[in-house]
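Student: Sequence below, structure please.
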Amino acid sequence: MSRNEDELKNVTLLGNQNTSYNYDYTPDVLETFENKHPENEYIVTLDCPEFTSLCPKTGQPDFGHIIINYIPNYLMVESKSLKLYLFSFRNHGDFHEDCVNIIMKDLVKLMNPKYLEVIGIFNPRGGISIIPFANYGDEEHQNIVNQRILDNFKLKK
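Tutor: Numbering: from 1, shown residues only. Predicted structure coming up:
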């Protein structure tokens, strides 16, 4: 069952050959499309292994890996718009923990998912890796919110 033109009217970036790359934080670039299966509980994973932002104090680049997992409700994020959104952090000066929470809040506001989590796996600076985790769940998914928080307290090797 293919998508029709009406279902794709809000997807403007995909296939556009004149893509504009914004180097400053821009949540307005995010686009959605309709989830054809809102009655199903399924997980979508989006993996960005080349995330960059700037240290708010030194202005030095920070490199990380962002993983987004979510259980969609009625809307889903379009992947090219997500790529452009994550790219917009390139000149954004914030701590790793802030970036992960900003991404989570922007995606929750955009999609109103059943559940969403953002994991940042940042390259070591000064010999320390920082791996922030932020999540959100609607009223019916609070058990997942709590379980995933506990899961992330476990030692990682």
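
Student: quick one: Ser88 and Lys109, what's the gap?
Tutor: 16 Å (Cβ to Cβ, to the nearest Å). C-beta here means a position set from N, CA and C on the backbone, and glycine is covered the same way.

Student: how distant is the strand or helix carrying Tyr70 from the center of its chain?
Tutor: Using DSSP states H and E, Tyr70 maps to strand 61-71. Here strand 61-71 is found 7 Å from its chain centre; the criterion is Cα atoms, centre = their mean, to the nearest Å.

Student: Can you tell me the strand partners of it and which way each runs?
Tutor: Strand pairing for strand 61-71, determined by DSSP bridges: strand 44-54 (antiparallel), strand 115-122 (antiparallel).

Student: Quick check: what element follows that strand along the chain?
Tutor: strand 75-77.

Student: Give me the more crowded residue out of Ser88 and Lys109.
Tutor: Ser88 (20 against 10; other Cβ atoms under 10 Å).

Student: Any chance of the backbone angles for the more buried one?
Tutor: When read as degrees, to the nearest 10, the backbone of Ser88 gives phi -70, psi -10.

Student: Only alpha carbons, please: show stretch 25-42 as PDB.
Tutor: The C-alpha trace of stretch 25-42 is given here as PDB (Å, rounded to 0.1, in the frame of the first residue of the first chain):
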ATOM      1  CA  TYR A  25      20.400  25.100  15.800                       C
ATOM      2  CA  THR A  26      17.200  24.900  13.800                       C
ATOM      3  CA  PRO A  27      14.300  22.800  15.100                       C
ATOM      4  CA  ASP A  28      12.000  24.300  12.400                       C
ATOM      5  CA  VAL A  29      13.500  22.100   9.800                       C
ATOM      6  CA  LEU A  30      11.900  19.000  11.300                       C
ATOM      7  CA  GLU A  31       9.100  17.400   9.300                       C
ATOM      8  CA  THR A  32       6.600  14.600  10.000                       C
ATOM      9  CA  PHE A  33       4.500  12.100   8.100                       C
ATOM     10  CA  GLU A  34       1.500  10.000   9.200                       C
ATOM     11  CA  ASN A  35       2.100   6.700  10.900                       C
ATOM     12  CA  LYS A  36      -0.100   4.200   9.000                       C
ATOM     13  CA  HIS A  37       0.000   1.700  11.900                       C
ATOM     14  CA  PRO A  38      -0.700   3.700  15.100                       C
ATOM     15  CA  GLU A  39      -2.500   0.700  16.600                       C
ATOM     16  CA  ASN A  40       0.800  -1.300  16.600                       C
ATOM     17  CA  GLU A  41       3.500  -1.100  19.200                       C
ATOM     18  CA  TYR A  42       6.700  -1.000  17.300                       C
END
